[in-house]
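Student: With the sequence up front, the predicted model follows.
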Amino acid sequence: MPTIRYRRAALVGALAVTVACGLAACGTGTQGTGSATEGTVRVQTATGPTADAMKRVADDFEKANPGVTVELESLDANASRSPNAALLSSSTAPDVGYLQRSTGVWSTLIKNHELLSLDDVWKASKLADKYAQSQVDYYTTDGHHYGVLYDELLINPVYYNVDAFTKAGIARPKDHRFASVAELEEAAAKLKSIGMGGLGVGGSSPFGLGHTLDALLPTAVSADDYATMLTNFRPGAPGGDVTYTQPGVVKMLQLMRDWETKGLYQDGMLGMDDSKAAALFTGGSIGMVQGGTYSWANISAAKPSFAIDWALMPSLTPGRTTPFDAFNGDTLVVPKHATHPELAKKFIEFFMTDKYQSTVIPESGSLPVFQNLDASKLTGLGKPVRQMLEASARDGVVNIWDSTVPTSLGQAFSVPVLQQVVAGTITPEQGAQKFQDALEALRSGKAPSDTD
């Protein structure tokens, strides 16, 4: 049987070459016509537990298709963004591409017609019947489907070191909620009193501070205003009077700045990425780390020597409960220049089944997207993730802000602004005005309002 091979080093080189030649020069190849029954299919996947879990799918696919070899090419959070947009549109594109929507990769590829239609995959796998309607709508472009959503992530919770909390005399948050900002700040202060850092956040990551905003914004403004913010960027859309300069947004930005000056974050937060913050937590140097269902697999794989629990970030409006943020964006695509496009589609169909949604997806630390599955029967779902899934039914779920609005307002734009606010190079009021200016550019048509 052929061996599943990993091409991390080769992929880095390919990314470097592709970025150098640019999108316009590299997107001129012709669509591959490789056999659907034999050959090597190159499949991109996220690094970490997801890559490990995908080895099982690749092995099963090879067994079911003699003569086929699967090469898994893993991408970290940075490589999966701009560099991958260039690679996926080049003559050296993989057969199955991986991307996260909200990073600008999807919209770039769609705009330049660099993805093959997957309408036949959707029909064969009956995806329209298995997804929620909002997911179907999100993945329908001009009546066609160019990507397949394979998991869902819940964003917001903070993991904490139970042993450290006990040692520092910190009461464990009741019902998995920090009841107030004061409670979270007090926990960080008490952790510092025993020589530990407070809340770990990947300040230099392209999504770290964005996830902090995502956790706080739904209760920084009214529920109606938050819902409006997810749609009012479109030219002519109602809700133009819902602004980012309103007091709740400024208060939220001020709080994120205050957490830096008060030392609530780990030392050097702005210079650390998400993986470094997680390593400090699992190593016992800090007592809390920002995360969600997506990060549990990595945390547990590090085999920390202490017990771990989780709590939702505090609400910024008394009497309201902080909801979970749902991210629906982990996507598989088939590039126009794939060498084996039919084999790539065959692989995606093989993967998108109840079998793997119930096993491989939970084992990678994510939640399945098929609505027909019984959550109680999912295998490999870690205890915290199962608790979050159950709690989300109680506390509510909202669409994550920075992945719902266009990239010219969302994650790619917002994180640099948040970094400036937290660092103190601009004021919270100036940061809020930057968000408002970006909104107005979208509403006026000066910036593209297509969501990623």
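Tutor: Received it, and whenever you're ready, just let me know what you need. On a predicted model such as this, the values are computed, not experimentally measured, just so you know.
Student: And the strands in the stretch 1-150 of the chain?
Tutor: 5-6, 39-46, 68-75, 97-100, 148-149 (DSSP state E, counting those that start in this stretch).
Student: Dump the ones you listed to CSV, plus mean pLDDT and distance to K377.
Tutor: For every residue, glycine as well, the C-beta is placed using N, CA and C. Listed next are those as CSV, based on pLDDT from 0 to 100; distance: least, Cβ to Cβ, whole Å:
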stretch, mean pLDDT, distance to K377
strand 5-6, 40, 32
strand 39-46, 95, 25
strand 68-75, 96, 28
strand 97-100, 96, 27
strand 148-149, 98, 21
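Student: Find the one among those strands with the highest mean neighbour count.
Tutor: Of all the strands of the stretch 1-150 of the chain, strand 97-100 carries the top mean neighbour count, a mean of 26, counting by mean count of other Cβ atoms under 10 Å.
Student: Show which residues not belonging to that strand make contact with it.
Tutor: Here strand 97-100 makes contact (Cβ atoms under 8 Å, 6 or more residues apart in numbering) with 43-46, 75, 80-81, 84-85, 88, 105-106, 109, 147, 329-335.
Student: Which residues are in contact with the most centrally placed residue in the chain?
Tutor: The centre of the chain sits closest to F327, judged by Cα atoms, centre = their mean, with a distance of 6.0 Å. By Cβ under 8 Å, 6+ apart, the contact list for F327 reads S102, E152, L153, L154, I155, Y294, I400, S403.
Student: just to revisit the earlier point, cross the contacts of strand 97-100 against helices and list the overlap.
Tutor: N84, A85, L88, V105, W106, L109 (DSSP state H).
Student: For burial, what's the neighbour tally of the fifth one?
Tutor: Right, the one you point to is W106. A count of nearby residues for W106, using other Cβ atoms under 10 Å, gives 26.
Student: how far away is it from L99?
Tutor: 6 Å (Cβ to Cβ, to the nearest Å).
Student: which residues do these two both contact?
Tutor: G147, T331.
Student: What segments of the stretch 351-452 of the chain are helices?
Tutor: Taking DSSP state H, counting those that start in this stretch, the helices of the stretch 351-452 of the chain run over residues 354-358, 360-363, 383-395, 411-423, 428-443.
Student: Return the most buried member of these.
Tutor: helix 360-363 (a mean of 24).
Student: give the contact list for S205.
Tutor: By Cβ under 8 Å, 6+ apart, the residues touching S205 are A77, D273, D274, V415.
Student: what's the nearest residue to the last one if we skip its chain neighbours?
Tutor: Yep, that's V415 we're talking about. Excluding the flanking residues, the one nearest V415 by Cβ to Cβ, 6 or more residues apart in numbering is G210, at 4.8 Å.
Student: Quick check: that neighbour vs M229, distance?
Tutor: Noted for G210: a distance of 14 Å to M229, by Cβ to Cβ.
Student: So for these two, which residue has more residues nearby?
Tutor: Comparing G210 with M229 by other Cβ under 10 Å, the one with more neighbours is G210, at 27 against 23.
Student: quick one: contacts for the more buried one?
Tutor: The neighbourhood of G210, defined by Cβ under 8 Å, 6+ apart, consists of D402, G410, Q411, S414, V415, L418.
Student: how close does it get to I348?
Tutor: Counting by Cβ to Cβ - G210 and I348 are separated by 28 Å.
Student: and if you look at D175?
Tutor: Separation of D175 from I348 (Cβ to Cβ) stands at 40 Å.
Student: Could you check which of the two is surrounded by more residues?
Tutor: The neighbour comparison of D175 against I348 (other Cβ under 10 Å) goes to I348, with 22 against 11.
Student: G240 contacts T231, correct?
Tutor: No: using Cβ atoms under 8 Å, G240 makes no contact with T231, being 11.2 Å away.
Student: between the contacts of F327, which is nearest E363?
Tutor: For those, the residue nearest E363 by Cβ to Cβ is Y294; the value is 13.2 Å.
Student: Leaving aside the residues adjacent along the chain, what's closest to that closest one?
Tutor: Distances taken as Cβ to Cβ, 6+ apart put L153 closest to Y294, at 4.3 Å, once the chain neighbours are dropped.
Student: Helix or strand: which one has that neighbour?
Tutor: strand 153-161 (DSSP states H and E).
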